[in-house]
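**Q** structure for the following, please:
(chains A, B, C and D)
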Number of protein chains: 2
Amino acid sequence: MHEEWHEPTREEISLPTVLGALADPARLALLRALHEVGESNCGALTTLSGLDLSKSTVSHHLRVLREAGVTRTEFVGTSRRVSIRQDDLEAACPGLLHAVIGSHVHA
Amino acid sequence: MHEEWHEPTREEISLPTVLGALADPARLALLRALHEVGESNCGALTTLSGLDLSKSTVSHHLRVLREAGVTRTEFVGTSRRVSIRQDDLEAACPGLLHAVIGSHVHA
DNA sequence: CAAGAAGTTCGAGATAGATCGAACAAGAGG
DNA sequence: CCTCTTGTTCGATCTATCTCGAACTTCTTG
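**A** Alright, predicted model coming up:
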């Protein structure tokens, strides 16, 4: 099979859900790493973000981001290409991504 | 007693905590009502926001907002004056409040 | 002072979330 | 075909969150 997963359409993106997805240090770290590098696969992203979490946990976090509409995930062989849905996010929650990514507040 | 509660200083405000505080429809509704009216007390805020929640639940949500550094709460007799810490929030998480309050994404 | 009004706190119940290891699926390479 | 690499899914566990009603604290007011 491996039909793509369900990712919300731009109109389906909901602010509380997005905020919930971002309200976790691990996911924030993943998102920032992703923003720096543009796009990446799960393993590289884990390393890049400096997280010490199991594969399954990272997979879980990436799923939360994906299902909130924050990221896009494409199949590339046995790997995945993850990227930020910048345009959709900007349309749904103007300014939010920038505020979160660019913030100097950490941890 | 009734010394004021502990509210985080501007420097203590953390992005994940703020995002967590905002990642709830009820708190988002309270915050929007608060933003419209400038400042208010708990009861009026409950009415204004159109929420159908018990006093204790609203008290809980306002506590989460307060402890995240999003709102300020002052004692006024037996009532409370709640307001948004706009400056501190803008300093700690630039653009975030505006992105969240001004968003056209609902529910 | 007695009543009432405004909130808080506590304890309980239910639901959601984070994390892991083990088992699984599927492409890539020899 | 066998094995390695990448991720996903499942089940379990632990912790946090939402919600309420009941009891309490403090002011305010008759």
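**Q** make it CA atoms for all contacts and neighbour counts henceforth
**A** OK.
**Q** and chain A, which of its residues are near DNA strand D?
**A** A:41-44, A:55-56, A:58-60, A:62-63, A:78-81 (Cα under 7 Å from any atom of the strand).
**Q** recalculate using a threshold of 10 Å.
**A** With Cα under 10 Å from any atom of the strand as the criterion, chain A meets DNA strand D at residues A:2, A:4-5, A:20, A:23-24, A:40-47, A:54-63, A:66, A:73-82.
**Q** of those residues, which are in range of DNA strand C?
**A** A:2, A:20, A:23-24, A:54-63, A:75-79.
**Q** need the contact list for residue A:83.
**A** A:34, A:38, A:39, A:40, A:71, A:72, A:73 (Cα atoms under 8 Å, 6 or more residues apart in numbering or on different chains).
**Q** can you flag the buried ones in the residues you listed?
**A** Neighbour counting with 16 or more other Cα atoms under 10 Å in any protein chain shown marks A:34, A:39, A:40, A:71, A:72, A:73 as buried within those.
**Q** columns secondary structure and pLDDT on top of these, output as CSV?
**A** CSV is the format used below for the buried ones among the contacts of residue A:83 (DSSP: H, G, I helix; E, B strand; the rest coil; pLDDT from 0 to 100):
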residue, secondary structure, pLDDT
A:34, helix, 97
A:39, strand, 97
A:40, strand, 98
A:71, strand, 98
A:72, strand, 97
A:73, strand, 97
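**Q** just those residues that are near chain B?
**A** Near chain B, judged by Cα under 8 Å from any Cα of the partner chain, there are no entries from those.
**Q** quick check, nearest of those to residue A:96?
**A** Nearest to residue A:96 out of the buried ones among the contacts of residue A:83 is residue A:71 (Cα to Cα; 14.0 Å).
**Q** picking that back up, buried among the residues of chain A next to DNA strand D? Make that a ChimeraX selection.
**A** Provided next is the ChimeraX selection string for whichever of the residues of chain A next to DNA strand D are buried by 16+ other Cα under 10 Å:
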select /A:20,23,24,40,41,42,45,46,58,61,62,63,66,73,80,82
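**Q** narrow the residues of chain A next to DNA strand D to those in helices?
**A** Taking DSSP state H as the definition of helices, the residues of chain A next to DNA strand D contribute A:20, A:42-47, A:55-63, A:66.
**Q** within reach of chain B, which of the ones next to DNA strand C among the residues of chain A next to DNA strand D are there?
**A** Among those, the ones lying near chain B by Cα under 8 Å from any Cα are A:20, A:23, A:24.
**Q** wait, the second one sits on residue B:17?
**A** Meaning residue A:23. Yes. Here residue A:23 reaches residue B:17: they are 6.7 Å apart, a contact under Cα atoms under 8 Å.
**Q** any idea how far the nearest residue to residue A:6 once chain neighbours are set aside is from chain B?
**A** The shortest distance from residue A:6 to any non-neighbouring residue, by Cα to Cα, 6 or more residues apart in numbering or on different chains, is to residue A:67 (7.4 Å). Distance, residue A:67 to chain B, by Cα to the nearest Cα, to the nearest Å: 15 Å.
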